[in-house]
Each structure stands twice: as structure tokens, then as C-alpha cells.
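1. Okay, here's the prediction I keep looking at, along with the sequence it came from:
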Amino acid sequence: MALTRMHNTLSKSHVMADRMVTVNRLEEVVSTSDEFDQVVSQALPMLLDRATGYTKRFLRETGQWNDDIEHEKFALRWGSEYLERFLVCGRSEVPCRPLFLFDSLVAKQHSKPEPFCYHPDLLRPLGRFLDGLVARAVVSRDALIALYHHSYGWGAGDVIAVTGLNGLESQRIYKNFRRWRESGWQRTMDEVGLTKAELAELGHQQQRQRQRFNSEAERLIRVAQAHYRKSEPDHYPCLSRSQWGDMFAQGYGCDYRIWHLALCLDCMQTAWGLGSSGSLTGEKPRLELQVRP
Amino acid sequence: MGHEEELEAYRSQLLESLNSRPEIRSWSDPIQVYVNERRVGELESAGIGAMLQVQCVDHIETVQLRAEDGTLLGGLTAPECGYRTDRVRLSADTVELSVHNLAQGGTLSALFTPAPSFWSRAWKSIADVTDRVVARRPEPALAYGMRTVAFTQALLAIAVVGLVADRITTGRTSDRTPSPVVQTATLSPAPAVDMAKFEQQLGELARMQAKVDDALGSQQKGVVQLQQALVKLSSTQESFESNVLTVREEIEKRLETVGRETDRQTRQMASRGRVEQEQLEAAIQNLTADNHRLAKEVVSLEEYNQVLKTKLQTAVASASKAVDPSPERLLKMADSLQATQQQMPFLFWVTFSDGTSQESIDKWVYEMQGHKGAVSEGWQEVRIVPPAVPPDRFLEQIRGEKIVKAARIGQ
């Protein structure tokens, strides 16, 4: 017993010593991008914990923290997000002291208004699923196109018809769908920390209480879309039906249509039927959440 | 699975995904460009060069390049003011990022350069060599001649290779034949001579080939050195231009700031001077008016003094004429003196509240049983029968009147 305790103490002190060495190395100046990569890649766990700690502190100080696994996962997810950006953009800052640069990057993120989409209901499995999808759609075109499928159950052909795309763009939509099915969806689920059991439970809910499930999903996706739509270009606001009509009729604003309609339930209702030259004359689309790609 | 384990598994998964960043291969899909985490456009990267220029009202803080699946391919963070450039390598392709932040906003320029293919590299080398030769001998006829020679050499080389292959095949076939005697007998001397000639030609060709290779190698080295020198030159020029621009902007800014500051100070001083001058003029006017008034008061006091002196002399003369100055007589004299004094009008100056009509003023003077005198700078002179109360108290009473703004004795 005493031997085990001594072993544990020794191992802890060894970890502490390692951590100190890593911190010291990160505090020193690195002069080249390669050196930056090398030093930082050896300190990923420590940097992830550091960013997670800062995020927790931010949530506590803004009264958004609870001691539960959902909040812990949320902090980890954003810590990882900051670390990814640091890995890529930090290289351009050499010569620098990586630790200080990292701290300043996180501080800069946290000094922005609403640095992330926080809502207690978005921390539960359904909320996390929707938040993950919409957040990914902002940085990935594959996810953006897949959002049409997850929101309305459409395939590539439907998306092309609804958004009124031409032949060249259509090919791209098929590729987007394929990549999402192959790897994008799984990667997104991993990133938001949804386990297989949670996904299975979402599937069951969808089967058992379809209407309730969809109305809850609609409420939550509106919260997420309102937050992430701010990441669209500034000149992509909501439009009236006549404005959408002009755009579809004259064939401009292809990007506008794809980006905005995927991220705005209301505009989808407004612009319904404009892109298909009258072939989509059925009922306006309602949210029919699809869990699987 | 408990919460701790689930959390630890999630953390490990995130770390693994950060560690195993996807290998960047050559990109055929457009590259998404984000500025300050907002999508601003894309670079078409299907084997051709592409450029994207973005002008922002705000400062550009971060630039990110992402694949269609969201993978972060590269990026940079830019300073608040000034230039930042970076070259992001995507396998053999590159994206040159250049950010220029000014006080008015920022501009981004992203240039995608695809990796040259094998054939384009080979073609480029040949074109370079040809260009060099043509550059040395610019006559088109000579260039045409060079091409003809090259074509003939190539044809010859193919023919030689074909013959050698044929001979070797023949040799191998003959190796398999069992009787060397027959073989010797069948060989005529002519092919042997041909073989020698061909061998000689082959040797010459090989030497020429080696020479051409050497020349090509040295030319390629030269081209590479030239390219490096050009790159250095362009980067030096760029940095020089940026420095010049920065210095010029700095100077303009400073000049503007200094000019603005000087203008402001001059304007301030001028306006202050004007105000002081006006104040001085007003003070001089006041002093002149006061002086004038004082002079008048002195004159009126002297007149009053003269009257008093005359009265005193009259009183003294009356007193000296008196035979028995009884107390009753003295009392009478005092009374008569007081009466004389009471008959002297009491003079004071008054100003009236704004908007008081002339009629009200006249009425008020009439009620006081007084007479209006001169008007000087808004002050009305009023003469009344000397009041029963002391002058200070009288003035207090006057000031209490509704229509009276101020009152004083003397001008």
C-alpha cells in the first residue's frame, strides 16, 4: 500500500517536472516556423488544458458555468478549436514566444462579443448535434450543403433545384454530399463529442416522437443559426421574396443563395419555389431533422 | 462509462485529431478564404493560378484558408498596422498571402500558384534553352536551322538505336545457334564495317549528348540562379517599396498632424487675442464713462459746496446781527435752516426693469412727487423732495419697487 502511494507520488512529481520543462520551452523564443511546429507539437496536451482552463474561467466569470460533463465538453471543444487556429496561424508570428502568443490568442477570442454560441439547451445531445452541424457549416462547404439534407431531408438533386444552380455548380454539390457521407459527418460528431449511444438515442427519439423532436430541433436550430449566420459575409442579409425572385431570375448571387438559405429557415420559406422554375409547387418546407448523413 | 472516462476519451480524441492533421495533398477543389473568421471568397485551384483580392473596412486580424471539408490548411495573423506576408504550402502548390492594414482598413491579396506538372516543367526547360539560343541568335532563319538540326539528330539517334537493337537481337539469335563455324562463315565483312561505323557514330552521339546534357545542366543552373536572384530582387524591392510607402505615410500623417495642430493653435490664439481685445476695449469704454461721471459729480459737488458756503455766510451774518441770542431765537434759526435744507431737492438715479413702459415710469415718478432729469446710459435722474428716511434706507425702499431694476445716488 505504502509502496503504491510512493509510486504514485513519484509518477506525479515526474509529470509535474515534465510539464515544467514543456512550459519553460514554450516560454523561450522560437525563430523559425519549423522550430515553432516542433516545440508546439510536443506540448499539445498542456496547451489544450490551458485553453480549456481559460474557457472555463470565461464561462464562470460570465455566469454561464455549471459543474457537469456538458460544460466540461463544451470547454474542451472550444479549447481544441483555439489550439487548432494557433497551430496554423502561430507559424506566421515567428520569432515569438509560443506560450505568450497562445495566451494572447485565447484572450483576444474571449474579448470578442459572444465568442461562441452558448445556450444551456445547446449542451444537451440534440443541441450539441445541431450546434456542431451549423458551426461546421460556417467553415466547411460540405457541411453547409449537408445542412440542407439534415434540415429538410433533401438529396443533391433537390438542393440543386431549390437553390437554382447551373451545371458546373451541380457537380460540386454531388462532391460535397459524397465527402460529407464519407468522412465529414463522422468528424463533426467526433468534434462535438457525441457518442454512439447518444446518436442512437437521438435516432430513437426521432422515430418515437417525430413531431416533438422536430419542433424542439427547430427551436434550437434557430438559436444556432442566428449566432453563426453572423459569420456570413456582411452583405448577405435576409431578403424579401421579390429580391430573392430577382436574384433567381437573373442568375446572380449563387454563393448568396447557397450560404444564406442553408442558414436561415425563414428565408427558405420566403424563397421557396423560386429556383425550380415552378416545378417545386408543393407545401413550403418544414424542418425534418435527419440525424444520419 | 463514467463521466470521467467519457471526458478523458473525448479529450484524447481531440488531441488525436490535432496531432494527426490531415496530410495536405494537391488541391483540385476551390480553397475557401476567411478573413476575421468570415468567409470572403474562394480561390479556384483546379491546376491554374488564381487570385483573390479583398478590401475590408475593418483591420484584418486573421486570414484562414480552408478546404471544402473545413480542414484548416493555413493562415496568418496580421499586425494592426503595416504589412504581413506568408507563403502557405499545399503539397507542391502554394498560396501567397499578403495583408496590408492601414488606419482606414485592410486589404488582403491571396495568390494561388499550382505546382508545375512534369510535362510543363520539361517543356519550360526546353523553351528556356530555345529562348536562350534564339536570344543569342535572333535571326529566324538560324532558329529554324537549329530546329532542323535537332530534328535530324533525333531521327539519327532513333535510327542508330533501332539498328543496334536489331544487331543485338540478331546476336542473341545467333548465340542460340549451335555452330559457331556456320556463324563465322555466314558473316560477311560489310556488316562488320557498318558496325564499326555505327559504333563510331554512336560514340560521337554519346559525346554530343553528354555535351548537350552538360550545357543544359549549366543553363538550368543559370536559370535557377537567375530565378533566385529575381526572387531576392523582387522581395527586396517589395520590402523597399513597403518601407518607402510606410515612411511616406508616416511623414504624411505627421505633416498632417503637425499642420492640423498648428492651425488649431493659431486659431485658438487669434480667437483668444480677439476676445482679449474686445474685453480691453469694453474696459476702456467703462473707464471713460466712469471718468466722465466722476467729473460731473465733482462739478455738482462743488456747486453744492458753493451753495452751502453761501448759506453759511448768510447764517453767520444773521447770527452776528442778532442782539440777544435767546434760546427760542436759536431754535427758530435752526428750524429755518432745516426747512431750507428740506427745500433742497433730493437727487438719485434709477434704472427700470426691461419692458417697463414710459407711461408706468411717468406714473411712478408722479406718485413719488418727483421730476425726471437727464438720462445717461440707461440711468434716469429723478429729483424729489428729500425723503424722511436716511438716503440708504430710501434707496433700499426704491429698489424694492416692482418696476425698478437698480437705484443709486449720484451719477
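-> Now that the structure is in, tell me what you want to look at. Numbering: from 1, shown residues only, chains lettered A, B, ... in the order given.

2. What residue spans form the domains of the chain?
-> Went with chain A since none was named. A:8-110, A:120-270 (automatic domain parsing).

3. think we crossed wires, I meant chain B
-> B:21-114, B:119-252, B:344-411.

4. Check those domains for me: which has the lowest mean pLDDT.
-> Mean pLDDT is lowest for domain B:119-252 among those, at a mean of 61.

5. excluding its backbone neighbours, what's nearest B:Glu249?
-> Closest residue in space to B:Glu249, ignoring its immediate chain neighbours: B:Leu102 at 7.6 Å, by Cβ to Cβ, 6 or more residues apart in numbering or on different chains. Every C-beta, even on glycine, is put in place using the N, C-alpha and C of the backbone.

6. Settle this for me: the one you found is touching B:Cys81, isn't it.
-> Yes. B:Leu102 is within contact range of B:Cys81, at 6.8 Å (criterion: Cβ atoms under 8 Å).

7. isn't there a strand covering B:Arg87?
-> Yes. When classified by DSSP: H, G, I helix; E, B strand; the rest coil, B:Arg87 is found to be part of a strand.

8. OK, contacts around whichever residue of the stretch 51-200 of chain A sits closest to chain B?
-> Closest approach between the stretch 51-200 of chain A and chain B, counting by Cβ to the nearest Cβ: A:Ser140, at 2.8 Å. By Cβ atoms under 8 Å, 6 or more residues apart in numbering or on different chains, the residues touching A:Ser140 are A:184, B:66-70.

9. what about the closest residue to A:Arg91 other than its chain neighbours, how many neighbours?
-> Take A:Arg91 and drop its neighbours on the chain: the residue closest to it by Cβ to Cβ, 6+ apart is A:Ser33, 4.3 Å away. Using other Cβ atoms under 10 Å in any protein chain shown, A:Ser33 has 14 neighbouring residues.

10. one step back: how close does the residue nearest to B:Glu249 sit to A:Ser92?
-> B:Leu102 sits 19 Å away from A:Ser92, going by Cβ to Cβ, to the nearest Å.

11. quick one: which of these two has more around it?
-> A side-by-side neighbour count of B:Leu102 and A:Ser92, using other Cβ under 10 Å, places A:Ser92 first with 23 against 13.

12. on that earlier part again, reformat the domains of chain A as a markdown table; add distance to A:Pro293 and mean pLDDT.
-> Compiled in a markdown table, the domains of chain A are given as follows (distance: least, Cβ to Cβ, whole Å; pLDDT from 0 to 100):
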| stretch | distance to A:Pro293 | mean pLDDT |
| --- | --- | --- |
| domain A:8-110 | 20 | 90 |
| domain A:120-270 | 4 | 93 |
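
13. Determine which stretch of those is the most buried.
-> Across the domains of chain A, the average number of neighbours (mean count of other Cβ atoms under 10 Å in any protein chain shown) peaks for domain A:120-270, which reaches a mean of 18.

14. for that one, the distance to its chain's centre please.
-> Its chain's C-alpha centre and that of domain A:120-270 lie 12 Å apart, by Cα atoms, centre = their mean, to the nearest Å.

15. Report the contact partners of B:Val350.
-> B:Val350 touches B:379-380, B:382, B:398, B:404, B:406-408, counting by Cβ under 8 Å, 6+ apart.

16. Pairing partners for the closest residue to chain A within the stretch 101-250 of chain B in the sheet, please.
-> Residue nearest to chain A within the stretch 101-250 of chain B: B:Gly105 (12.6 Å; Cβ to the nearest Cβ). B:Gly105 forms beta bridges with B:Leu102, as assigned by DSSP bridges.

17. Likewise for the one 5 residues further on?
-> Note on B:Ala110: beta-bridge partners by DSSP bridges are B:Leu52, B:Leu97.

18. For it, give its distance to B:Ser91.
-> Taken as Cβ to Cβ, the span from B:Ala110 to B:Ser91 is 17 Å.

19. So between those two, which is more surrounded?
-> Neighbour tally, B:Ala110 and B:Ser91, criterion other Cβ under 10 Å: the higher count belongs to B:Ala110, 24 against 12.

20. Just give me the residue closest to the centre of the chain.
-> Looking at chain A here, since you left the chain open. For chain A, the residue sitting closest to the mean C-alpha position, by Cα atoms, centre = their mean, is A:Ala135 at 2.8 Å.

21. Chain B, not that one
-> Most central in chain B (Cα atoms, centre = their mean) works out to B:Ala103, at 2.9 Å.

22. quick one, phi/psi of that residue?
-> phi -60, psi -30 (degrees, to the nearest 10).

23. how close does the nearest residue to it once chain neighbours are set aside get to chain A?
-> Using Cβ to Cβ, 6+ apart and skipping the chain neighbours, the partner closest in space to B:Ala103 is B:Cys81 (7.1 Å). The gap separating B:Cys81 from chain A is 16 Å, by Cβ to the nearest Cβ, to the nearest Å.
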